[in-house]
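> sequence and computational prediction follow.
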Protein chains: 6
Amino acid sequence: MLSLVLPKGSLEKATLELFDAADLTVRRSSDRDYRASIDDPRIERVRVLRPQEIPTYLEQGLFDLGITGRDWITETDSDVVSLGELKYSKATSNPVRVIMAVPNDAPWQSVADLPEGVRISTEFPEMTRRFLDRHGVKAKVVPSYGATEAKVPDIVDAIVDLTETGSSLRKNGLRILDTLLTSYTELVANREAYEDDEKRAAMEDVALLLQGAIRARGNVLLKLNVAQSDLPGVLDIMPAMSSPTVTALAGGEASAVESVVPKRGVNTLIPALKAAGAHDILEIPISKIVD
Amino acid sequence: MLSLVLPKGSLEKATLELFDAADLTVRRSSDRDYRASIDDPRIERVRVLRPQEIPTYLEQGLFDLGITGRDWITETDSDVVSLGELKYSKATSNPVRVIMAVPNDAPWQSVADLPEGVRISTEFPEMTRRFLDRHGVKAKVVPSYGATEAKVPDIVDAIVDLTETGSSLRKNGLRILDTLLTSYTELVANREAYEDDEKRAAMEDVALLLQGAIRARGNVLLKLNVAQSDLPGVLDIMPAMSSPTVTALAGGEASAVESVVPKRGVNTLIPALKAAGAHDILEIPISKIVD
Amino acid sequence: MLSLVLPKGSLEKATLELFDAADLTVRRSSDRDYRASIDDPRIERVRVLRPQEIPTYLEQGLFDLGITGRDWITETDSDVVSLGELKYSKATSNPVRVIMAVPNDAPWQSVADLPEGVRISTEFPEMTRRFLDRHGVKAKVVPSYGATEAKVPDIVDAIVDLTETGSSLRKNGLRILDTLLTSYTELVANREAYEDDEKRAAMEDVALLLQGAIRARGNVLLKLNVAQSDLPGVLDIMPAMSSPTVTALAGGEASAVESVVPKRGVNTLIPALKAAGAHDILEIPISKIVD
Amino acid sequence: MLSLVLPKGSLEKATLELFDAADLTVRRSSDRDYRASIDDPRIERVRVLRPQEIPTYLEQGLFDLGITGRDWITETDSDVVSLGELKYSKATSNPVRVIMAVPNDAPWQSVADLPEGVRISTEFPEMTRRFLDRHGVKAKVVPSYGATEAKVPDIVDAIVDLTETGSSLRKNGLRILDTLLTSYTELVANREAYEDDEKRAAMEDVALLLQGAIRARGNVLLKLNVAQSDLPGVLDIMPAMSSPTVTALAGGEASAVESVVPKRGVNTLIPALKAAGAHDILEIPISKIVD
Amino acid sequence: MLSLVLPKGSLEKATLELFDAADLTVRRSSDRDYRASIDDPRIERVRVLRPQEIPTYLEQGLFDLGITGRDWITETDSDVVSLGELKYSKATSNPVRVIMAVPNDAPWQSVADLPEGVRISTEFPEMTRRFLDRHGVKAKVVPSYGATEAKVPDIVDAIVDLTETGSSLRKNGLRILDTLLTSYTELVANREAYEDDEKRAAMEDVALLLQGAIRARGNVLLKLNVAQSDLPGVLDIMPAMSSPTVTALAGGEASAVESVVPKRGVNTLIPALKAAGAHDILEIPISKIVD
Amino acid sequence: MLSLVLPKGSLEKATLELFDAADLTVRRSSDRDYRASIDDPRIERVRVLRPQEIPTYLEQGLFDLGITGRDWITETDSDVVSLGELKYSKATSNPVRVIMAVPNDAPWQSVADLPEGVRISTEFPEMTRRFLDRHGVKAKVVPSYGATEAKVPDIVDAIVDLTETGSSLRKNGLRILDTLLTSYTELVANREAYEDDEKRAAMEDVALLLQGAIRARGNVLLKLNVAQSDLPGVLDIMPAMSSPTVTALAGGEASAVESVVPKRGVNTLIPALKAAGAHDILEIPISKIVD
């Protein structure tokens, strides 16, 4: 039986929706309650807590399994086991990075150029200090509690902050000097719990259901009918990774084809299928895919 | 042609969503309008009114069919016909009960222990008076218009109130002395209308569509492929109540299996199916199930 | 590669939902940004602008393709090509009309009865002036910026305004004197771009995907099982426009039937199918239909 | 020391603002808490409860003093003492009345015309039954839980309901047949508490402060300077009920005049004062007036 | 008796607050109702309508008096009488201007430099056309319905738009080429009504009350005590425009000074007064000042 | 010229209202902008930043003057100068304290009882570590990012957290073991800036205006008339700290009395004054009081 800790805050809504889609619905008496439960024999305790706190809780064994970002695992330097990235939480396909940025017109081209006493604002003071140590830079690291990007050059000389598209950096007239970390949302386990066979099996079931729900979001089920003569042409343009099921229709002159295809690309696939002779094309939503 | 009355207030949103899912979409010119309509040849008039008022309206024949709770049917002592419970409106699987509660430290262990003149606050004064009469208790029943639980012991000595999880009772330091009623949301008809053959057939069609939509919510369609050798093992772990459709795939070495399975349990079923040799498992949402 | 302009305001949410359903998801950095993009090789530039401005932009070639109402095309007298109506934006099935309305007790029975100097308030002053010219009426046309219907008779004598159900006219004590235009939401192209073969092909792909998503909303996939003996009866009551796929089930005594049927009507179809011997009826949602 | 009960709901905000203005600020840990307190040596316990429940609580001595409407005092037929009307809660200067209304085209001209079995919907069933008994009418009185006016003639034949401006009646095509009660918001006491000298003194202090704050809202302090020669003319147009304080300014040729005047009327008074020779006119807000 | 038209939209809230402060409270049955009333013998009819429509209504005599911006008076080229600016509606003390703006890197330095066929987007097409005609520029003027500044250079080459601080222009990379108009919120009358003696007197009373409320917002009443010896020093630093009232206090060794002073500046005045020997300094809010 | 830093977040609204009341209105282009300005010759730069960051900024001389809580000054161990407490930000008159709390049923009676390895969650890890060191306790201090109180005993054994009324502690079944700090909101300066004569004078002016606005909130101006014979009795019950101004009214038989009195207490003072013979009692709001 696993104890599970989920991230409160910006990831919270997407995480709860993912668990719901994975048939692991999280129940709470109110949105503000940090106590929760999942009606699943493998999960005995669920809590919703700040992502910053989660790596420490997992390392110390307060929970067996959790979801958090690599950024906070690194900042808190926690010793935990990752069961892999969960791609459910981002608006774009760009990775989230922890970067160091300076004003566009600053004279520095690399971290090594930073002068002694340079002031750096960041929500990741530990990671920043280790990074600066490695580069031999002596800086004043000032912990920031939000709006870090707006503080240059008004209050500090440089920042270490998260960026996804870089648009906020551009708005504030900043350029990236270096990248400290590329961060993903990960499913993370306590090391000892992970080495327990029964717990590890339960963790892998949970991972299977979550990944199945994530994959389903990126795919649809396509059903179509096609004349025998057009069948090869239609199968030719089906995405390589799909394995279509073909059934002969009564009379034998036509076939029904059914295949899971990626959502991204279906906007060009459907017109192409129709041009190749497919008709009665149906696109049907999927809730979960497990290979 | 039926006239139909639906509950305004806390049940309203869930009721309208249920009718939409049942392809009986309720149309109103605004959310606040109590006049509505459904584009269905069996339903000629729709109104959305307070659930307290609905049993009386149905008894007096102002409407043929309606949705309300058993609590208000009992409170108003209305003579109506029930077409059964509709399980669509609850957050948990606990039943809603009308209970009598007293402070944790009150000396009473049963209703019979209540002293003469005991003050009881309730939104169900009639049901409460009948209940007390049956137990021979002479009490001051004070009608309450909300927040009943908070009034003990500050204003009254005991309450009769609704509870689902009991958490509100616990927060207010109350314990349950007795249960007056277990209440469900029911589809209820006027007795005379129900005895009219044509109207009864229409009522049963409406019930069929509503129950079909409710059942669909608790189930999903599972599709999977499996090698012939693994087929018996996979079918063995399918839920007993489902009747899978098995189709041999081209080549004959594998089969496609399709089955409706309960949503509750799919979180353990999918890992088990995969372990038993199933692959290409798809979970597909359903809008309606009619046996 | 197409440039595309979508309508901001009352149509905005429904338009973005339609493009999402058509696998042409529109991305914007914020809801208020008028710059957008679609991840599709046929579409290079997307903007979200007021529908009043769109016909002019399309006529002048600032965009290749856009969505707007016939009302604004007519008001601005723009020379554009229509790729057809898009039925996704309306609450009811009534058409939207631009009408002239007068108080219930006004003495006029037709436009020709309007006296010289009559004051008319409207958001469509150009269309109104052309209409009055055709009928030989000399009026004072006063541009209105909202709440046009409320201005009669307090401020003006008549109005030219949009109406869908007529309920707002009735509330304000107005009756319709004449109809200037029945307006639809249309997919509209710049004439020159439309005559470019490559662009026209891209436009038709976009139209195909949008219409496929619109059709899917009005239909569902019905799956059912039926004994051989009941099969003809079941097929008889299937809607004429559907072409059911019939598969014999193992054992040969029963068949599986699968068919796309219109959502409107499924509320009477399902009880009829069950009465005709169908069982295990499933209704499954569809995301897109392309014939 | 008094126990005090204030009305929850539509009067709540205005009541709390009045007590604040009267320097009797009501404190609660949250807006939803019905427990409250006032930092005043005369008031030991404060509760915020539904106005329907208040008359009964006062009659039974659960509280010494409360605020509620005459409508609920009459409906519950409670024996309480009124310390007078509190004019703080209304948008217009029309009285709130409990009236009986029927459709405009109903044949009845007085209550006595109502036929046996007439259906009447009302939130005041007891008051309605007593009223009908007095007029010898045998009716079906149906308790209503809101939107009473919309139920005629669709569900009932007549209503008994509250009205202030009559606009909601007009919108629903109703006319008033009779008036059962003119209702005011009143400061009301338990009879026994009122007869206790010390408690009555405390009640009168509370009434003094509340009435002082109410009066202040309707008045302003006007300060102005005027030449000796114009003084009589200026004093002549001062409202009769005010007693201006006149002070000679240094030099003796001018006077300063200071007076409390009603807010209603100050819009015509100020131009008149200026025309009469006043200058440097200042209007200053007042928080409380006690004669 | 005057008919009055007030601006709906961005000025609406501030206008209603001003009228309230001027003891000319505007009453409406709901925020969305455009019909209103003021309890004042000089005002018989009040409407709340879009500011764009108001100049035309006033010119045509549909209303006697109204509030609107000079921008719309000029755009509609209406012949009306102004009773002066009302300074109540702005966040900053910068004037609102209608300006022509072009991209920072555009080659044009004055309006005359604009080439034939230049595309200009604006909410003020008439004003823009007259302005371009005066400068001999042949342009394509495209009416805009919002977000005009964001359309350069993506859709048009230049804009004519409102600006107060210029910050929105800067954000969009635009610079001002020329100013067409400096616009104020004005109290405006129909010419014929203004020439009627009785109506003009009523208009001036209204103006007096509005200006009295506006002045009061920018001033406070300061009361202080000061020893005789320090009195000259204190009076010296009082703002020149104020005429303090000085009263000798009992005993004759100290004086009470009372004066209306501008709010802007009181933050430096109070410390200075205290330094000059003033004590017991009170600042008291004023509701209206009429000289 | 001072640079000033104000607290963002829970204190933000109250702080901006205080500065507005002090005639030091803070202007920002939007609520989310951390750049601000005040139209005052003594203040050249204003920023709104998280209170946690403020002590460090002041110590390092990034700002001259700021507002923050003693809790964060202590947590960050910053060397700054306090210009005194600002009493404007609290709902109750209880002080805010940083306390250590444990479950009601924990065996520990003092900090010294805590066993080695005890887990303590806190938003003040530095202050907590110093406190534990002083008491010789070896604990695991876990930084908390919110909802600290809910983590006992589920996740940790004890907490160090803020409390004002203790109600949140009671709800979570906790009792206070010790108090680390009583915290006030303070006006705080950089040490070097404070020692600059000109800057210190400016700081004291700002303090004077802020304290003047704070005092005004707790007081009102009372004006009343009283017969000569009753004057001594009336003056006797005036609060000791007020110095009433007494003016003889015309005729000499009555006096006008004017005095600033504390708001707290005016609810008993007014009835007492009236009983002592005062009449025409007016209570008038004050914006600022400077002795």
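Okay, I see it.
> kindly format the C-alpha coordinates of stretch A:223-241 as CSV.
Below are the C-alpha coordinates for stretch A:223-241, written out as CSV (Å, rounded to 0.1, in the frame of the first residue of the first chain):
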residue,chain,number,x,y,z
LYS,A,223,-12.6,4.3,-38.3
LEU,A,224,-13.2,4.4,-42.0
ASN,A,225,-14.5,2.4,-44.9
VAL,A,226,-12.6,1.9,-48.2
ALA,A,227,-13.1,0.0,-51.4
GLN,A,228,-10.8,-3.0,-51.8
SER,A,229,-9.0,-1.3,-54.7
ASP,A,230,-8.2,1.8,-52.6
LEU,A,231,-7.2,-0.2,-49.5
PRO,A,232,-3.4,-0.3,-50.2
GLY,A,233,-3.3,3.4,-50.9
VAL,A,234,-5.2,4.2,-47.7
LEU,A,235,-3.0,1.9,-45.6
ASP,A,236,0.1,3.5,-47.1
ILE,A,237,-0.6,6.9,-45.7
MET,A,238,-1.6,5.6,-42.2
PRO,A,239,1.1,6.7,-39.7
ALA,A,240,3.9,4.1,-39.5
MET,A,241,3.5,3.6,-35.7
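> what sits up against it?
A:244, A:246, A:249, A:252-259, A:261-262, A:265, A:269, A:272-273, A:276-282, A:284 (Cβ atoms under 8 Å, 6 or more residues apart in numbering or on different chains). Quick note: C-beta positions are derived from backbone N, CA and C, even for glycine.
> which of those are buried?
A:244, A:249, A:254-259, A:261, A:269, A:273, A:276, A:278, A:280-282, A:284 (16 or more other Cβ atoms under 10 Å in any protein chain shown).
> among these, name the ones in helices.
Among the buried ones among the contacts of stretch A:223-241, the ones falling in helices (DSSP state H) are A:Leu269, A:Leu273.
> narrow the buried ones among the contacts of stretch A:223-241 to those in strands?
A:Ala254, A:Ser255, A:Ala256, A:Val257, A:Glu258, A:Ser259, A:Val261, A:Asp280, A:Ile281, A:Leu282, A:Ile284 (DSSP state E).
> is the fourth one bridged to anything, and to what?
In this entry, A:Val257 is beta-bridged to A:Leu224, A:Val246, by DSSP bridges.
> I'd say it and A:Thr245 touch.
Yes - look at A:Val257 against A:Thr245 with Cβ atoms under 8 Å: they come within range, at 7.2 Å.
> can you give me the helices for the stretch 101-250 of chain A?
Secondary structure of the stretch 101-250 of chain A (DSSP state H, counting those that start in this stretch): helices located at A:125-134, A:167-171, A:191-195, A:197-217, A:231-237.
> gap between the closest residue to A:Leu16 other than its chain neighbours and A:Asp33?
Nearest residue to A:Leu16 in three dimensions, chain neighbours excluded: A:Val26, at 5.3 Å (Cβ to Cβ, 6 or more residues apart in numbering or on different chains). Using Cβ to Cβ, to the nearest Å, we find A:Val26 at a distance of 11 Å from A:Asp33.
> what's the burial count for the closest residue to chain F within the stretch 151-291 of chain A?
Among all residues of the stretch 151-291 of chain A, A:Ile155 sits closest to chain F, at 5.8 Å; criterion: Cβ to the nearest Cβ. By the measure other Cβ atoms under 10 Å in any protein chain shown, the count of residues near A:Ile155 is 22.
> can you list the residues of chain A near chain C?
A:92, A:165, A:167, A:220, A:247, A:249-250, A:256, A:263-264, A:266-268, A:270-271, A:274, A:279-285 (Cβ under 8 Å from any Cβ of the partner chain).
> quick check, central residue of chain A?
Taking Cα atoms, centre = their mean, the centroid of chain A lies closest to A:Lys87, which sits 3.2 Å from it.
> what's the closest residue to that one other than its chain neighbours in contact with, if anything?
Spatial nearest neighbour of A:Lys87, chain neighbours left out: A:Ile214 (5.9 Å); criterion: Cβ to Cβ, 6+ apart. Residues in contact with A:Ile214 (Cβ under 8 Å, 6+ apart) are A:Leu18, A:Leu86, A:Lys87, A:Tyr88.
> distance of A:Ile214 relative to A:Gly84?
A:Ile214 sits 11 Å away from A:Gly84, going by Cβ to Cβ.
> could you do A:Val46 as well?
A:Val46 is 20 Å from A:Gly84, by Cβ to Cβ.
> shouldn't A:Glu258 be in contact with A:Pro244?
Yes - if you go by Cβ under 8 Å, A:Glu258 and A:Pro244 touch, sitting 6.5 Å apart.
> quick one: pLDDT of the residue nearest to A:Lys87?
A:Ile214 is assigned 93 on the pLDDT scale.
> now the strands: where do they sit in the stretch 1-150 of chain A?
Assigned by DSSP state E, counting those that start in this stretch, the stretch 1-150 of chain A shows strands spanning A:2-7, A:26-27, A:35-38, A:43-49, A:65-69, A:81-85, A:96-103, A:118-122, A:139-143.
> which of those strands has the highest mean neighbour count?
strand A:65-69 (a mean of 26; mean count of other Cβ atoms under 10 Å in any protein chain shown).
> nearest residue to A:Pro55 in space, please, no chain neighbours.
Closest residue to A:Pro55 apart from its sequence neighbours, by Cβ to Cβ, 6+ apart: A:Ser78 at 3.6 Å.
> any idea how far the spatially closest residue to A:Gly66 that is not a sequence neighbour lies from chain E?
Of all residues not flanking A:Gly66 in the chain, A:Val5 sits nearest, at 4.0 Å (Cβ to Cβ, 6+ apart). As for A:Val5, its distance to chain E is 42 Å (criterion: Cβ to the nearest Cβ, to the nearest Å).
> my guess is A:Val5 contacts A:Leu58. True?
Yes - in this structure A:Val5 lies within contact range of A:Leu58 using Cβ under 8 Å: 7.2 Å.
> any shared contact partners between these two?
A:Leu65, A:Gly66.
> hmm, back to that, quickly list what's touching both of A:Val26 and A:Asp33.
With contacts taken as Cβ under 8 Å, 6+ apart, A:Val26 and A:Asp33 have A:Val48 as neighbours in common.
> make CSV out of the strands of the stretch 1-150 of chain A and add mean pLDDT.
CSV is the format used below for these (pLDDT from 0 to 100):
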stretch, mean pLDDT
strand A:2-7, 96
strand A:26-27, 92
strand A:35-38, 92
strand A:43-49, 94
strand A:65-69, 96
strand A:81-85, 95
strand A:96-103, 95
strand A:118-122, 93
strand A:139-143, 89
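> can I get the ones you listed in JSON lines with distance to C:Arg175?
JSON lines is the format used below for the strands of the stretch 1-150 of chain A (distance: least, Cβ to Cβ, whole Å):
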{"stretch": "strand A:2-7", "distance to C:Arg175": "60"}
{"stretch": "strand A:26-27", "distance to C:Arg175": "56"}
{"stretch": "strand A:35-38", "distance to C:Arg175": "59"}
{"stretch": "strand A:43-49", "distance to C:Arg175": "59"}
{"stretch": "strand A:65-69", "distance to C:Arg175": "62"}
{"stretch": "strand A:81-85", "distance to C:Arg175": "65"}
{"stretch": "strand A:96-103", "distance to C:Arg175": "61"}
{"stretch": "strand A:118-122", "distance to C:Arg175": "67"}
{"stretch": "strand A:139-143", "distance to C:Arg175": "70"}
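> compare those and give me the one nearest F:Tyr184.
strand A:139-143 (23.1 Å; Cβ to Cβ).
> any idea which residue of chain A lies closest to chain C?
For chain A, Cβ to the nearest Cβ, closest residue to chain C: A:Glu283, 3.7 Å.
> okay but that residue is in contact with C:Lys288, surely?
Yes - counting by Cβ under 8 Å, C:Lys288 is a contact partner of A:Glu283 at 3.7 Å.
> next, show the common contact partners of these two.
Common contacts of A:Glu283 and C:Lys288, defined by Cβ under 8 Å, 6+ apart, comprise A:Ile270, C:Asp23, C:Gly212, C:Ala216.
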